[in-house]
Structure formats: C-alpha cells, structure tokens
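Visitor: Give me the fold of what follows.
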Amino acid sequence: MSMEWDDEFMAMFAEMVARFHTRDANSGERFVLPHEQEMLASIGYTPQEIYGYVEDYARLGDPTPSTVLLIAAARRSFFLTVQRGIAGSTQLRETDLPREDETLQDIGYLPRIIRKAESKLYGTLPPGVMYYCAKDRAFLRSHGGIHPADFLYVVWGAHGDRQKVVSYVLRMMSSSKEHSDSKPSA
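Guide: Take a look at the predicted model:
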C-alpha cells in the first residue's frame, strides 16, 4: 500500500531534519536525495524550497512540520489545478521583489509578502528567497495572526487584486485587536 502524498511529505521532512543535524549541507540540490526530488517535483516543489523550511525548523523550531505541510498543500493545489502540473519556467529575480520598506495602504512589508506569496504559488521564487522566512513570520503574526497557508489561499483567490488582500489583512488585524481588547485583565 502506498502512502498519500501528505504522509510521504511528512516522513520525508522528518528524515531531512534528522539528516540536517548529522550532515553538513548548505544547498537544497546537494541535500535532497534523488527520490525526494522526484516526490517534490510531483507537488511543484524545488529542493531549495524544502531545504529552507528544514533548515529553519532544525535550527529554530519554526515553522513547524504541520505548517510546512499546509504551505506545501497550498502550493500543490495551485500547481495541480491552475498550472495543471507544469512548473513555472521563469524564476522571479530577487530585485523584482518590492523592497521591505514599501507599504500598501500604510501597511509596511505587505507589497513584498504578497509578491512572495504569488511567486510561491507559481513556484518561481528566486533560490535565495523563502516564503515564510523569519520576516514573513513576524509580519503575519503581528498582523492578525495570519496563517501562512491561509495567506497563500487569500492571495490565490484575489487573482492579483491587491485591495482584496489588503482588506483581508485589515480584517484580521481588526479581529485580532477585538479579541485582545475583550480579554479580561489579570
């Protein structure tokens, strides 16, 4: 009996984390084994993408394996439905990303994370750029506790309409503030 892709992904992620602790590797291409590369390609992932998550989890404990799986599920779904299993051929250049200090409706960093999310969905992130890096994590957590996979789905559903993403972020921020304001003080 063969494993479902998500079970295979989780087992592979755990093996990679163990390997990271025992092997000096600083590149996804050299670190990810050939059979793992095949599995990753089947869901629209590159070795460098998974390596970034393995490295951060092994060193920092963040993002968690379940979060990595949910991000992968969003990418896989986009890859199989929108891209029909054909990976994007043109890599985004790091210089094409908005600067970290750019704002959208006075929300700093939002233009950059939207562009990274779009590129993550299309599988065109530059090799040195990771969706849900430490700065992305800080942004999403401080702007309403947005889950990175949810953000990918919102960006996907917005179809390039930045205002829809802004509205979602503002709604999440407002909801988060309402929850924190309604907590009884100790």
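
Visitor: Just list the residues touching Tyr153, thanks.
Guide: Ala74 (C-beta atoms under 8 Å, 6 or more residues apart in numbering). Using the backbone N, CA and C atoms, a C-beta is placed for each residue, glycine as well.

Visitor: Name the helix or strand of this structure that has the lowest mean pLDDT.
Guide: helix 28-31 (a mean of 70; mean pLDDT, DSSP states H and E).

Visitor: Show me what the mean pLDDT comes to for the helix or strand just after that helix.
Guide: Sequence order places helix 34-42 as the next helix or strand after helix 28-31, per DSSP states H and E. Averaging pLDDT along helix 34-42 yields 95.

Visitor: list the buried ones in the helix or strand that comes right after helix 34-42?
Guide: As assigned by DSSP H and E, the chain's next helix or strand after helix 34-42 is helix 47-60. Using 16 or more other C-beta atoms under 10 Å as the test for burial, helix 47-60 gives 47-57.

Visitor: Next: stretch 137-154.
Guide: Buried, per 16+ other C-beta under 10 Å, within stretch 137-154: 137, 139-140, 143-144, 146, 148-149, 151-154.

Visitor: just the buried residues of helix 47-60 now: which is nearest Ala117?
Guide: Nearest to Ala117 among these: Glu49, at 13.3 Å, using C-beta to C-beta.

Visitor: thought the closest one was touching Thr124?
Guide: No - judged on C-beta atoms under 8 Å, Glu49 makes no contact with Thr124 at a distance of 10.9 Å.

Visitor: Extract the C-alpha set from the longest helix along the chain and format it as CSV.
Guide: Longest helix in the chain by number of residues (criterion: DSSP state H): helix 162-181. The C-alpha trace of helix 162-181 is given here as CSV (Å, rounded to 0.1, in the frame of the first residue of the first chain):
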residue,chain,number,x,y,z
ARG,A,162,-4.2,43.8,-4.1
GLN,A,163,-7.1,45.5,-2.5
LYS,A,164,-8.7,42.1,-1.6
VAL,A,165,-5.5,41.1,0.2
VAL,A,166,-5.4,44.5,2.0
SER,A,167,-9.0,44.1,3.1
TYR,A,168,-8.3,40.6,4.4
VAL,A,169,-5.2,41.8,6.4
LEU,A,170,-7.1,44.7,7.8
ARG,A,171,-10.0,42.4,8.8
MET,A,172,-7.6,40.0,10.5
MET,A,173,-5.9,42.9,12.3
SER,A,174,-9.2,44.2,13.5
SER,A,175,-10.4,40.8,14.6
SER,A,176,-7.2,40.2,16.5
LYS,A,177,-7.4,43.6,18.2
GLU,A,178,-11.1,42.9,19.2
HIS,A,179,-10.1,39.6,20.7
SER,A,180,-7.2,41.1,22.7
ASP,A,181,-9.4,44.0,23.9
